[in-house]
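# predicted structure and sequence below. I'll ask about it afterward.
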Amino acid sequence: MRFHLLAPLLVTLILPCVGRAQERRKIRISNATLSYSVLPLVAAREWKLFQEQGLDVEIILMRSAAAAAALVSGDLDYQSGIGPASISATLSGVDSRALWSSTSHITYWLMAKPEYKSIQQLKHKKIGVSGLGGTSHVAMTVALEKSGLSPKDYVAVSVPGGNLVQSLDSGFVDAATLNPPTMFFAQRRGFVRLLDIGSLVEMASGGLTAMNKTIRGIIRALLGKRAMLKSREKTLELITNVLKMDKQTAADTYSVVQSSFNDTGIPTREGIANIIRALKAEGRFANRNVAYVWRTANWHMTVMLTVTVIVIIDIIVRLLQFSEGYTELSTMILSILAGALVSYGASYGGSLVYDYQFNVGKLRGKLFGTRRKSTRSPGKRVILKRC
């Protein structure tokens, strides 16, 4: 009898310990390279922000393609970065999503030898990028289109990031897209900036991509970037020690990138649209109609909430007028408006289910989806994916 009385107490004491033990398991986050866009992630590790949230985080250097496969297999919890690779994986059917974006604008310059005075002089020239189809290539394509050059006007050449300045020196390429700190090394060698790509292109970069799961506290820890941006000296020390830069280069990097960090962590529609547009320009997913259904779903929610308020007001007014034995014209108009909005909201919500083949309950947190190409039963196949 005494055991039966103590058993619930023992379970109550043990369960929180088990929960904490599970929560403190090692969380693996991949990162392709240590650059400025990963500073919030590095800051959270170096400044013990993960530990404050009860998290044991391991950052693993891994190429993006390998990281995507490891994410699907469960060997990784998160992949650092939002870009063409992660969005391509989502559009290809991987059930991944963007949880958080560290920057809303990328920091890239298009640099060339001093004899090049304008973008137009790069026609039929070779431009080096760190990877065809990657973030720098996509951003450069969009920026050059805005500046009057189409992809047919130049040749994009893939060059390893560490060899871009040497390729400029040797003449292997005529121009190159460079980010911190490489842009400053090139500047010291006499190369000039022809175009500030980041000022022309809004594009999500850095951040975290994951399968459909979120570990509590991971985003709160990463929001330590706010403290990072407020503390210049502390951040310069971090850049110098972790990214292995000299003090002058660290100061130059900080001055360039501090304005690019995304305070909310939410990727913008334009930033994602630029990536998708560039992917389609390369012939990938060209037959896919990608729709930003989070906005349409929010509109549907707004309509239905408005209907709810109107109906409540209508009921209150009718109760107040109940003793009069008739309905005033204003009350009738209110009822007709409520009925019309209900009909509109129902039709709109039904079209979402029909067009995108998802149950409305599964929409939460999604960013974009693709329209179906054949008639299927709603909810039979969820094709709404996250970037």
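On my side now, so go ahead. No experiment lies behind these values; they were computed from the predicted model shown.
# where along the stretch 51-200 of the chain do the strands fall?
Using DSSP state E, counting those that start in this stretch, the strands of the stretch 51-200 of the chain run over 56-61, 78-80, 96-100, 103-105, 109-112, 126-129, 155-158, 175-178, 192-196.
# now render those as CSV, adding mean neighbour count.
For every residue, glycine as well, the C-beta is placed using N, CA and C. Supplementary listing: those in CSV, determined by neighbours: other Cβ atoms under 10 Å:
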stretch, mean neighbour count
strand 56-61, 15
strand 78-80, 26
strand 96-100, 23
strand 103-105, 23
strand 109-112, 24
strand 126-129, 24
strand 155-158, 15
strand 175-178, 28
strand 192-196, 17
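# looking at those strands, which is closest to N31?
Between N31 and those, the shortest separation by Cβ to Cβ is 4.1 Å, and it involves strand 78-80.
# what about Y36, distance to D75?
Remark: distance between Y36 and D75 (Cβ to Cβ, to the nearest Å) = 27 Å.
# brain fart, D252
To D75, D252 is 37 Å away according to Cβ to Cβ.
# so if I had to pick from these two, which one is more boxed in?
Regarding D252 and D75, a neighbour count based on other Cβ atoms under 10 Å identifies D252 as having more, with 17 against 14.
# and for that one, nearest residue in space, chain neighbours not counted?
Sequence neighbours aside, F184 is the residue nearest to D252 in space, at 5.0 Å (criterion: Cβ to Cβ, 6 or more residues apart in numbering).
# also P160?
Excluding the flanking residues, the one nearest P160 by Cβ to Cβ, 6+ apart is S130, at 7.0 Å.
# dump the residue contacts of that neighbour.
Contacts for S130 (Cβ atoms under 8 Å, 6 or more residues apart in numbering) come out as 136-137, 158-161, 164, 177.
# among those residues, which are in helices?
136-137, 164 (DSSP state H).
# now do the SS call for F285.
Following DSSP: H, G, I helix; E, B strand; the rest coil, the label given to F285 is coil.
# isn't it up against L279?
Yes - look at F285 against L279 with Cβ atoms under 8 Å: they come within range, at 5.8 Å.
# these two: who's more crowded?
For F285 and L279, the more surrounded residue by other Cβ under 10 Å is L279, and the numbers stand at 20 against 16.
# so what's the residue count around the residue nearest to D252?
By other Cβ under 10 Å, 20 other residues sit near F184.
# can you pull the contacts of it?
Residues touching F184, when contacts are defined by Cβ under 8 Å, 6+ apart, comprise 249, 252-253.
# would you say D252 is within a strand?
No - the assignment for D252 is helix, going by three-state DSSP, so no strand is present there.
# which ones are touching it?
When the contact criterion is Cβ under 8 Å, 6+ apart, the partners of D252 are 180-181, 184.
# need the pLDDT of Q258.
We note a pLDDT of 75 for Q258 in this prediction.
# and it, how many neighbours does it have?
Considering only other Cβ under 10 Å, Q258 is surrounded by 15 other residues.
# ok, back up a step: of the contacts of S130, closest to I82?
Minimum separation from I82 among the contacts of S130 (Cβ to Cβ) is found for S136, which lies at 14.3 Å.
# skipping adjacent residues, who's closest to that closest one in space?
Nearest in space to S136, with sequence neighbours left out and distances taken as Cβ to Cβ, 6+ apart, is T177 at 4.5 Å.
# I'd say that neighbour and L132 touch.
No - assessed by Cβ under 8 Å, T177 is found out of contact with L132, at 11.7 Å.
# for V342, which non-adjacent residue is spatially closest?
Taking Cβ to Cβ, 6+ apart, and ignoring the residues beside it in sequence, V342 has V307 as its nearest neighbour in space, at 5.5 Å.
# surely the one you found and L341 touch.
Yes - with contacts defined as Cβ under 8 Å, V307 counts as touching L341 at a distance of 4.5 Å.
# more neighbours, the two?
Neighbours per residue (other Cβ under 10 Å) separate V307 from L341, with V307 holding more: 20 against 17.
# the more buried one sits in which helix or strand?
Mapping V307 onto the secondary structure by DSSP states H and E places it in helix 293-320.
# same check, this time on A43
Take DSSP H and E as the rule and A43 turns out to sit in helix 39-46.
# what's that helix in contact with?
Residues outside helix 39-46 that contact it (Cβ under 8 Å, 6+ apart) are 29, 31, 34, 49-50, 57, 59, 80, 102, 206, 221-222, 224-225, 227-228, 235, 238-239, 242-243, 257, 261.
# okay, the closest residue to Y344 other than its chain neighbours: pLDDT?
Leaving aside its sequence neighbours, Y344 sits nearest to V303 (Cβ to Cβ, 6+ apart; 6.5 Å). Looking at V303, its pLDDT is 80.
# wait, V303 sits on S343?
No - the pair formed by V303 and S343 falls short of the contact definition of Cβ under 8 Å, at 10.6 Å.
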